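S.K.: sequence and predicted structure are below.
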Amino acid sequence: MRGILLDVEIAEEEEHPVVRLVLKDGSRKVMVLDHAFSHYFYALGEDPEKLSELISGVEAEYRERKVRPKAVEAVRRTIRGKEVRAVRIFLSHPRDMQPLRRAVRELPGVNSLYEFDIPPNRSYILDRGLVPMEGVNVRVEEDGEGAPVMRASSPPVRSGGEVGELRIMSFDIEVYNPGGSPRVDRDPVIMISLSDNAGYRKVLTWKRHEGSPEYVECLGSEREMIERFVEIVRERDPDILLGYNTDMFDFPYLRDRAKMLKVRLSLGIDGSDVTFRRHRFASAARIRGRIHVDVFSMVDFMATIGSIRLIHYTLEDVYRHFTGKEKPDFEFTEMPGAWEEGGEPWMRFIEYSMSDAEATLEVGRILLPLFIELSRVVRQTLFDVSRMTPGQLVEWLLISEARSRGELVPPRPAGEEFEERLEETYAGAYVMEPVKGLHENLVVYDFRSLYPSIIVTHNIDPSTLNCECCRGRGTRVPGLGYWFCVEREGFIPATLKKLIRERAKLKEELKHHPRESVEYRSLNARQTAYKIIANSAYGMLGYSRARWYSKECAESVTSFGRHYIQTTIDMSRAMGFDVVYGDTDSLFCKLNGKTKDDALRFLKKVNESLPGIIELELEGFYPRGVFITKKRYAMIDEAGRMVVKGLEFVRRDWAAIAKKTQEEVLRAILRDGSPERAAEVIKRVTRDIVEGRVELEDLVIYTQLKMPIESYRSVGPHVVAAKRLRALGYTVEPGMMIAYVVVRGPGSISERSYPLEMMEKREPDPDYYISNQVLPAVMRIMEVLGYREDDLRFTRERQTGIERFMG
DNA sequence: AAATGACGGGG
DNA sequence: GTGTACGTCATTT
């Protein structure tokens, strides 16, 4: 049979490890078991023959069981391109890795171990030469009529080909949240919405209110609703299940509720339960036979690589960014009331829930093609790739490349080595101190993929660094004593060069397809995937946890980078452009009365002077921008879109009044070009605060209680508020969201913070809200426009005649 | 000045 | 994969 490879995992059959491949064959989805699989690692030492023999006899203990190698062989491999002889040690079971690895390390004559830290399913994909999200051919023993599980009778092989139509479904849950944030032991799931790419729309709930839309299905209880959710997912049988922050919220919440209600979350195609890979800071929910993709993690990735830049990454904001459309909003504080009382709020609640699932599906369908290509390029599953950082993507591409060259994969650093790396520092990119203030008519240039271009152009790699063969004639790094080989191409530059070449070919091919065609979209996604991975290579070189970390290479890259940007800044000044700001690989110039044509002529001139594949590009024209400090600025483009960088410090532990004011201020400056209007906004707000005309809800600060009250060594405002809440008789426990207000009076901020529940007879402290909330949120911006705090602060004493008149 | 604790997405 | 993000900010100590 032939099918698209959706997933690969390690399973067990009668104590024996087996690989389970999930294949989609037309409309049928099957699981194929490959028993011909053996996990392994390598040992290096003085005398490989002797070592092989020694290792063959090694015995370790694991849970009171004796563990021995399944097989041992002496092999030839390379390390940094140099041939080495190694001992390859096969395991009977992947779980034998830790005990055997420890035992082998203790043996005399063993110098180092390799590839003990490559997960077995990932290793399998590479060794079989398979490509996830592409075709696989495999001969199977049919286990009966249409059985979903089959046994491979010969090894699966890559067959290429396109992914056919995949069924994609999204879902979202709504939770009862009377205490602000939901408490999983008490607060039920009250709605589950679903949407799929075949047009299915559904909101499940378990309370009947008047006049619900036709897509609502009302169940008898939370338990029945969850059962129905599971039933629908299995019936509609999506290949990809999407959600927004489902790794961290929906699935963990559903899991806990399902456990309490004694209902199984059996979403797998074989009826298996959702499983969780848990970290302290992250988790991932896995469903057998379907790819659970958390759209938030894809969005977060796009934000990390700078491909999208929003102030917030809520579903609402992200949906607006990607589709240009608005979705209905619904305040989470309205939810309990809507649930209990129905009416108009209930209708809006349902529409909101439905729109969450639909928006997730829409955004997911926009992003998936890119992540499917990333999955193919680095040859790892979509489940894993959609959760990787850019550095991990590069690393997995290199691991794949290393495996096919017989190069041993360096281990992830641990212990001392890692600690030492953390200590190592080196000079980074050049960042110019901006010409602070508001500027008009800007042109922005940047070097196309500067760092990968440098790595390729100058052959930067751990194996080509300070090589013997090029002493005195290799490529010198500006300002550093290093050189790089001009004879042999390094492993990393070679890998990047392939990516860059392939990408150039794809971009050429793109020209022959209309922008809206399927071919264009798929080729475009692929070229973007190449670009993303190439651009992440430098970050990996300098990341202390990376396998191919090299401080010398990383600092050589930044040194070349500084050289090119500085040279370009000098050239632009010589041409009469005012450089307002420059960072790493981009420069921001004022047109200064020159035309867009002049800007293009400058570009041409610079490019004539650059070596290899290094190239400057025109990023765009911006009518207005406000520059604050290094890394902090905001601009508006010709289409009226705001680009905000480094100012995203307004968070939920800030009062709403601070968030609202900051947004209004940026709009006034960039859209209207009027700092004066921005100043008026601030004066109006501070005055409203002083005169008590701001709604209490705009002054509330929400901070989560992360520990039991007693565990706090440092008693912050939310802890004091929580204590006061407890004294009132409320149960206060970790995870609770504390809503508090800072009131007038003597003492520290903490001493003056009261829970919202105690605010009836108390007065908020205007000074705190002005000095610690509103002004910090806007001052950084206003400062560079020549305003001082006192110009913007409304106080009765300082009120000037004109203000009294205006007021 | 150093230490501590919280932010993100979700409801 | 058995790991403990990550860089930044406010407030307390």
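M.R.: That came through fine.
S.K.: pLDDT of the helix ranked longest in chain A, averaged?
M.R.: Determined from DSSP state H, the single longest helix within chain A is helix A:343-378. Helix A:343-378 shows a mean pLDDT of 95.
S.K.: in chain A, what residue lies closest to DNA strand B?
M.R.: A:Ser181 (2.3 Å; CB to the nearest atom of the strand). C-beta: built from backbone N, CA, C; applies to glycine.
S.K.: which secondary structure element contains that residue?
M.R.: Assigned by DSSP states H and E, A:Ser181 belongs to neither a helix nor a strand.
S.K.: surely it touches A:Gly735?
M.R.: Yes - under the criterion of CB atoms under 8 Å, A:Ser181 makes contact with A:Gly735 at 7.0 Å.
S.K.: more neighbours: which of the two?
M.R.: Ranked by neighbour count (other CB atoms under 10 Å), A:Ser181 and A:Gly735 place A:Ser181 first, with 17 against 13.
S.K.: now that one. Nearest residue, chain neighbours left out?
M.R.: Once flanking residues are discounted, A:Ser181 sits nearest to A:Met737: 3.9 Å by CB to CB, 6 or more residues apart in numbering.
S.K.: any idea what the one you found is bridged to?
M.R.: Per DSSP bridges, the residues bridged to A:Met737 are A:Gln704.
S.K.: the stretch 451-600 of chain A: strands as residue ranges?
M.R.: With DSSP state E, counting those that start in this stretch applied, the stretch 451-600 of chain A shows strands at A:475-476, A:483-484, A:578-583, A:586-590, listed in chain order.
S.K.: let me fix that, I meant to ask about the stretch 301-450 of chain A.
M.R.: So, for the stretch 301-450 of chain A - with DSSP E, counting those that start in this stretch - the strands run A:437-447.
S.K.: in it, which residue sits closest to DNA strand C?
M.R.: DNA strand C sits closest to A:Arg412 of the stretch 301-450 of chain A, with a gap of 5.3 Å, by CB to the nearest atom of the strand.
S.K.: now do the contacts for that residue.
M.R.: The contact partners of A:Arg412, by CB atoms under 8 Å, 6 or more residues apart in numbering, come to A:Asp117, A:Arg545, A:Ala546, A:Arg547.
S.K.: shared neighbours of A:Ser181 and A:Gly735, anything?
M.R.: Common neighbours of A:Ser181 and A:Gly735 (CB under 8 Å, 6+ apart) are A:Gln704.
S.K.: run through the stretch 251-400 of chain A and note the low-pLDDT ranges.
M.R.: In the predicted model, the stretch 251-400 of chain A carries pLDDT under 70 at residues A:278-281, A:311.
S.K.: rewinding a little: turn the contacts of A:Arg412 into a markdown table, columns for distance to DNA strand C.
M.R.: Converted to a markdown table, the contacts of A:Arg412 look like this (distance: CB to the nearest atom of the strand, whole Å):
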| residue | distance to DNA strand C |
| --- | --- |
| A:Asp117 | 6 |
| A:Arg545 | 6 |
| A:Ala546 | 10 |
| A:Arg547 | 8 |
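S.K.: let's see if you can find the most crowded of those residues.
M.R.: Busiest of the contacts of A:Arg412 [other CB under 10 Å] is A:Ala546, holding 21 neighbours.
S.K.: excluding chain neighbours, what is closest to that residue?
M.R.: A:Met540 (4.7 Å).
S.K.: for that neighbour, give me its contacts.
M.R.: A:Pro390, A:Gly391, A:Val394, A:Glu395, A:Ala546, A:Trp548, A:Tyr549.
S.K.: and those, which of them are in helices?
M.R.: Per DSSP H, the contacts of A:Met540 map to helices at A:Pro390, A:Gly391, A:Val394, A:Glu395.
S.K.: among the residues you listed, which one is most surrounded by other residues?
M.R.: Using other CB under 10 Å as the neighbour test, those are led by A:Val394, with 31 neighbours.
S.K.: show me where the stretch 1-150 of chain A has strands.
M.R.: Using DSSP E, counting those that start in this stretch, strands in the stretch 1-150 of chain A cover A:2-13, A:16-25, A:28-34, A:40-45, A:60-62, A:65-67, A:71-79, A:82-90, A:110-114, A:135-137, A:140-141, A:149-152.
S.K.: give the buried residues for the first one.
M.R.: Meaning strand A:2-13. Across strand A:2-13, burial judged by 16 or more other CB atoms under 10 Å covers A:Gly3, A:Ile4, A:Leu5, A:Leu6, A:Asp7, A:Val8, A:Glu9, A:Ile10.
S.K.: just checking, what packs against that strand?
M.R.: The contact analysis (3 or more CB pairs under 8 Å, 6 or more residues apart in numbering; DSSP states H and E) places strand A:2-13 against strand A:16-25, strand A:28-34, helix A:120-127, strand A:135-137, helix A:382-385.
S.K.: adjacent strands (with direction) for the longest strand anywhere in chain A?
M.R.: Secondary structure of chain A per DSSP state E: the longest strand is strand A:616-629. In the sheet, strand A:616-629 lines up against strand A:437-447 (antiparallel), strand A:632-636 (antiparallel) (DSSP bridges).
S.K.: name the residues that touch whichever helix or strand comes after the shortest one?
M.R.: As assigned by DSSP H and E, the chain's next helix or strand after strand A:632-636 is strand A:642-645. Here strand A:642-645 makes contact (CB under 8 Å, 6+ apart) with A:309, A:311, A:622, A:631-637, A:666-667, A:670-671.
S.K.: quick one: strand A:642-645 to chain centroid distance?
M.R.: Offset of strand A:642-645 from its chain centre (CA atoms, centre = their mean, to the nearest Å): 19 Å.
S.K.: ditto for stretch A:39-58
M.R.: Centroid displacement of stretch A:39-58 relative to its chain, using CA atoms, centre = their mean, is 40 Å.
S.K.: how about that stretch: buried residues?
M.R.: Under the neighbour-count criterion of 16+ other CB under 10 Å, stretch A:39-58 has A:39-45, A:48, A:51-52, A:54-55, A:58 buried.
S.K.: perfect, that will be all.
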